[in-house]
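In: Build me a model from this:
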Amino acid sequence: MTDPTRGILYPERLPHLQRLPAPDAAADLVGWFWVPEWDLPPGVASRQQVLAFPAANLVVEPSGVTLWGATTRVSERVLEGRGWAVGALLKPAALAVLSDSPADLVDSFATLDEPDLHAAVRGVMPGGAEAAVARMAAWVDARVGVRTGEARLAADMAELLMTDATILRVEDAAARLSVSPRTLQRLAHRTVGLPPATMIRRRRLQEAAQHVREDPDASLAEIAVSLGYADQAHLANDFRTVLGMTATEYRSER
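Out: Prediction:
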């Protein structure tokens with residue numbers, strides 16, 4: 001499974017977080033589940049900034065159920081007091097059932113009226129992460145039902161674009177999946193809401209941030225080359241555009 005700190009800009013600020021694999025029945029619908037729990041003293045806040053994966057998330061919290069679309073920028077949440085959440089990183093087949101238009105959810109969210117799912121997860125949380133994941137996975141599996149051929153292709157697309165470091169261009173992904181670039185672009189729009197090129201850039205930027213964070217001796221030029229950027233300037237531009245800071249500022253701040 002993908003490194004649990006990838007996409008998290010400041011892992012040292014994390015509350016207790018588990019990233020759990022999807023049960024077999026929902027493995028083609030959910031990339032993984034993430035379960036944070038926190039209990040902070042009065043007056044203490046934990047500021048969480050995340051460069052999220054290019055995918056939607058189904059989230060159950062004490063207050064209800066929400067569907068969060070893919071994001072184009074860094075998201076932030078300030079944790080205070082005591083709380084928990086159970087989230088599922090959705091693959092395209094699941095999102096297509098839960099949303100008629102994934103593109104409309106980009107950088108936004110929708111509140112879902114799903115009392116059965118909410119009650120099932122609340123019944124074992126806090127403290128019951130594995131049981132909550134099992135119940136949530138069963139709900140997603142039942143809700144989606146039979147998977148179509150397009151759903152399977154979209155799942156392969158998302159897996160390839162989010163995890164394969166050798167994919168640097170849309171044409172590379174299209175060739176691997178035996179479809180045209182135009183077909184891939186349309187599929188990504190219908191099932192994720194983002195262009196495939198944006199998904200590739202997000203993966204590379206996540207990897208770049210992790211390298212900058214974990215290897216303070218590596219030069220930014222070396223990191224850029226190792227990840228397939230044309231040069232350090234292109235890496236710097238991605239950092240400024242999405243993170244709102246340069247790679248040098250990110251390294252210095254940490």
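In: Return stretch 31-43 as CSV; C-alpha atoms alone will do.
Out: The C-alpha coordinates for stretch 31-43 follow below in CSV (Å, rounded to 0.1, in the frame of the first residue of the first chain):
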residue,chain,number,x,y,z
GLY,A,31,-7.9,2.5,-2.6
TRP,A,32,-7.6,2.4,1.2
PHE,A,33,-9.3,3.6,4.3
TRP,A,34,-7.8,6.3,6.6
VAL,A,35,-8.9,6.7,10.2
PRO,A,36,-7.6,9.6,12.3
GLU,A,37,-8.5,10.0,16.0
TRP,A,38,-7.5,12.8,18.2
ASP,A,39,-7.9,14.0,21.8
LEU,A,40,-6.2,17.4,22.3
PRO,A,41,-6.0,19.4,25.5
PRO,A,42,-8.1,22.6,25.8
GLY,A,43,-6.6,25.4,23.9
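In: neighbouring contacts of it?
Out: The contact list for stretch 31-43 (CB atoms under 8 Å, 6 or more residues apart in numbering) reads 1-2, 14-22, 46, 53, 55, 79-91, 126-127, 129, 132-133, 136-137, 158-159, 162. In this view, the C-beta of every residue, glycine as well, is placed from N, C-alpha and C.
In: I'd like to know which of those residues are part of helices.
Out: Taking DSSP state H, the ones among those that sit in helices are 129, 132-133, 136-137, 158-159, 162.
In: In TSV: the residues you listed, plus distance to Pro62, pLDDT and neighbour count.
Out: Formatted as TSV, those follow (distance: CB to CB, whole Å; pLDDT from 0 to 100; neighbours: other CB atoms under 10 Å):
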residue	distance to Pro62	pLDDT	neighbour count
Ala129	15	95	21
Ala132	12	98	24
Val133	17	97	25
Met136	15	97	26
Ala137	20	97	22
Ala158	29	91	26
Glu159	32	89	14
Met162	29	87	21
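In: List the residues that contact Leu235.
Out: Contacts of Leu235 (CB under 8 Å, 6+ apart): 208, 220, 223-224, 227, 229, 247.
In: Give the burial count for the residue nearest to it when sequence neighbours are not counted, as a bare number.
Out: What sits nearest to Leu235 in space, not counting adjacent residues and going by CB to CB, 6 or more residues apart in numbering, is Ala224, at 4.1 Å. As a burial measure, Ala224 scores 22 neighbours (other CB atoms under 10 Å).
In: With Gly31 instead?
Out: Residues lying near Gly31 (other CB under 10 Å) number 24.
In: so how far is Ala158 from it?
Out: Gly31 sits 8 Å away from Ala158 when distances are taken as CB to CB, to the nearest Å.
In: Run a quick check on Arg135 versus Gly128, I expect a contact.
Out: No. If you go by CB atoms under 8 Å, Arg135 and Gly128 don't touch, sitting 9.2 Å apart.
In: Compare these two (neighbour count), which wins?
Out: Higher neighbour count among Arg135 and Gly128: Arg135, with 21 against 16, using other CB under 10 Å.
In: Excluding chain neighbours, what is closest to the more buried one?
Out: Once flanking residues are discounted, Arg135 sits nearest to Ala120: 4.3 Å by CB to CB, 6+ apart.
In: Could you export the contacts of Leu235 as a markdown table, including pLDDT, secondary structure and distance to Thr66?
Out: Output for the contacts of Leu235, formatted as a markdown table (pLDDT from 0 to 100; DSSP: H, G, I helix; E, B strand; the rest coil; distance: CB to CB, whole Å):
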| residue | pLDDT | secondary structure | distance to Thr66 |
| --- | --- | --- | --- |
| Ala208 | 89 | helix | 29 |
| Leu220 | 87 | helix | 37 |
| Ile223 | 89 | helix | 35 |
| Ala224 | 88 | helix | 36 |
| Leu227 | 86 | coil | 32 |
| Tyr229 | 84 | coil | 34 |
| Ala247 | 84 | helix | 32 |
